[in-house]
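*Asks:* sequence first, then the predicted structure:
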Amino acid sequence: MRYPEFPTQRLVLHFLPFAFCSFLSLMALFGPGSGSSGAWTPAFISFVPMCFFYTGAMTVGLQREINDLKERLQTAAPAATKAQ
C-alpha cells in the first residue's frame, strides 16, 4: 500500500477504522431500535472502538519507525560505498 504524501492523510488512513467503529457504536447506543438487551451491551459497544484506536496508534508508531530506519539506511549507504 502506498501512503499519501501528507502526514495528516497518513493519520487519517490509520484511524479510519476507529472512526467507523465509533460511528457504528454511537448508532447502536443511541440510534433507533437501541433497546436494552442486557447490562453488558452498552459497556461492550462503548469499549469496542478502543481496540481500533490502539491498533491505529500502534501502526502509526510502526510507520514512523520504518521511516526512521529508511532515513538511517539512506544516510549510511553513501558512507559504506565511500569506505570501499
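*Replies:* Sure, I can see it.
*Asks:* how near is residue 50 to residue 32?
*Replies:* To residue 32, residue 50 is 25 Å away according to CB to CB, to the nearest Å. (C-beta placed from N, C-alpha, C; glycine too.)
*Asks:* need the contact partners of stretch 53-65.
*Replies:* 3, 10-11, 14-15, 17-18 (CB atoms under 8 Å, 6 or more residues apart in numbering).
*Asks:* more crowded one of residue 50 and residue 32?
*Replies:* Using other CB atoms under 10 Å as the criterion, residue 50 and residue 32 rank with residue 50 on top: 12 against 6.
*Asks:* now find how far off-centre whichever helix or strand that one is part of is within its chain.
*Replies:* Taking DSSP states H and E as the definition, one finds residue 50 inside helix 40-83. Centre-to-centre, helix 40-83 and its host chain are 9 Å apart (CA atoms, centre = their mean, to the nearest Å).
*Asks:* show me what counts as buried in stretch 19-32.
*Replies:* For stretch 19-32, a neighbour-count test (16 or more other CB atoms under 10 Å) marks 21-22, 25, 28 as buried.
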